[in-house]
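A.B. asks: for reference, the sequence and a predicted model appear below.
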Amino acid sequence: MIDLDLVEYLVRVASRSNVEICGYINKSGRVYHLPNRAKDQATSFRVDTADIYRSTKEPRFTWFHSHPVSKAWPSNMDIDFMLQTRKPHLIIGLFPVPVVRLYGFEGRRIVEIQKWFV
């Protein structure tokens, strides 16, 4: 589902933005970018339910967002979002170098599933 080409694409898009990008990937690997509705978009993201439903009716496989000025570690807000959605989550960290981490669940624990150095 998530291959290196997709990861490299997300890093390119995130690298061109000074705010956190966000969206989701469906099971076939199609990327849906959503508007970031957070007040401070440089350090957080928020998706609006209406934007999600307008984008497609396809099931979401993996959520993603970027950290333009930090590493690919989930913040407390990221963890809350992961717990609410119960879906894997890809974080694109751009600082100090691009690293992408995929997080998922083992029972109730959030764990790193995969990591890419891009």
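C.D. replies: That came through fine.
A.B. asks: what's the local residue count around S17?
C.D. replies: The number of residues packed near S17 is 14, by other CB atoms under 10 Å. C-beta: built from backbone N, CA, C; applies to glycine.
A.B. asks: go on, P96?
C.D. replies: 9.
A.B. asks: distance between the helix or strand encompassing S66 and the chain's centre?
C.D. replies: According to DSSP states H and E, S66 maps onto strand 60-67. Averaging C-alpha positions (CA atoms, centre = their mean, to the nearest Å) puts strand 60-67 2 Å from its chain's average.
A.B. asks: check stretch 6-13 too.
C.D. replies: With CA atoms, centre = their mean, you get 11 Å for stretch 6-13.
A.B. asks: just checking, what packs against the helix or strand of the chain with the lowest mean pLDDT?
C.D. replies: Least confident helix or strand of the chain, by mean pLDDT, DSSP states H and E, is helix 49-55 with a mean of 87. Helix 49-55 sits against strand 31-34, with contacts defined as 3 or more CB pairs under 8 Å, 6 or more residues apart in numbering; DSSP states H and E.
A.B. asks: before I go, just wanted to say thanks for your time.
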